[in-house]
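# Fold the stuff below for me.
(chains A and B)
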Amino acid sequence: QVQLQESGPGLVKPSQTLSLTCTVSGGSISSGSYYWSWIRQPAGKGLEWIGRIYTSGSTNYNPSLKSRVTISVDTSKNQFSLKLSSVTAADTAVYYCARVLDYGGNSGVSDYWGQGTLVTVSS
Amino acid sequence: EIVLTQSPDFQSVTPKEKVTITCRASQSIGSSLHWYQQKPDQSPKLLIKYASQSISGVPSRFSGSGSGTDFTLTINSLEAEDAATYYCHQSSSLPWTFGQGTKVEIK
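Below is the predicted model of the structure:
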């Protein structure tokens, strides 16, 4: 069974760049019919989709974050990563990585999620 | 951006009762609507995909219906372990969005 695990600093200073990695185990990140995404959730609040990446490297981002977000993939390490620049306190959240089952076009469903990692933005 | 509005925001329910949560989309999304369950300090768990398709390992008391703009998650005969927050999620158009969540409490 596929498992996803987020890793990275739990504390980031304002104006710096948040960097997280999601390691996929139990299957190849390059397996057909899947792509990969990041979602975040501020404490006590709802879920916000950040973006997605295909193993080809093609990406889509939430316009609300697009100018600050970069998602990349390293198939040799079975990992994909998130970078969010110029962070503020509003970026404090639990960040989840997820596998997306591809249904074609814009559609897909996130069927497996990592356990999430809390990132706090504070000086 | 497609806005998903869930109702109610909160529901306090007795075990064995039936629970109905609705999700309304700001524009038609076909059947590209999924339901998740999230318990405290856990990641979301997929319950229903594409409005009504069941997920292996999810109890049969969970079911979904709807298409277009109006969707429903039904929990038949609620059990104590179903206490959680439930989210709808659309993947019809980018950016993907989530409903605000419905918290289900067990009386």
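
# show me the contacts for the spatially most central residue of chain B.
For chain B, B:Trp35 is the residue whose C-alpha lies nearest the centre (CA atoms, centre = their mean; 3.9 Å). Contacts here follow CB atoms under 8 Å, 6 or more residues apart in numbering or on different chains; on that basis B:Trp35 touches B:23, B:46-48, B:62, B:64, B:73, B:86-89. All C-beta atoms are positioned from the backbone trio N, CA, C, and that covers glycine.

# Backbone dihedrals for the residue most central in space within chain A, both of them.
Centre of chain A computed as the mean C-alpha position; nearest residue by CA atoms, centre = their mean is A:Trp38, 2.5 Å away. Note on A:Trp38: backbone dihedrals following degrees, to the nearest 10 are phi -120, psi 140.

# and it, bridged to which residues?
Beta-bridge pairing for A:Trp38 (DSSP bridges): A:Gly51, A:Cys97.

# how close does the residue nearest to the centre of chain B sit to A:Thr21?
Taking CB to CB, to the nearest Å as the measure, B:Trp35 falls 29 Å from A:Thr21.

# Now A:Trp36: which helix or strand?
Assigned by DSSP states H and E, A:Trp36 falls within strand A:34-41.

# Output the contacting helices and strands for that strand.
strand A:18-25, strand A:48-53, strand A:93-102, strand A:108-113 (3 or more CB pairs under 8 Å, 6 or more residues apart in numbering or on different chains; DSSP states H and E).

# same thing but at 7 Å, please
Packing partners of strand A:34-41 (3 or more CB pairs under 7 Å, 6 or more residues apart in numbering or on different chains; DSSP states H and E): strand A:48-53, strand A:93-102.

# And these: which comes nearest B:Gly101?
strand A:48-53 (12.0 Å; CB to CB).

# quick one: that closest one to strand A:34-41, angle?
Inter-element angle recorded for strand A:48-53 and strand A:34-41: 160 degrees (by axes from the mean of the first three to the mean of the last three CA atoms, to 10 degrees).

# Just give me how far strand A:48-53 sits from the chain centre.
The gap between where strand A:48-53 is centred and where its chain is centred comes out at 6 Å by CA atoms, centre = their mean, to the nearest Å.

# in that strand, what's buried?
Along strand A:48-53, these residues count as buried under the neighbour rule (16 or more other CB atoms under 10 Å in any protein chain shown): A:48-53.

# swap in stretch B:6-19?
B:6, B:11, B:13, B:19.
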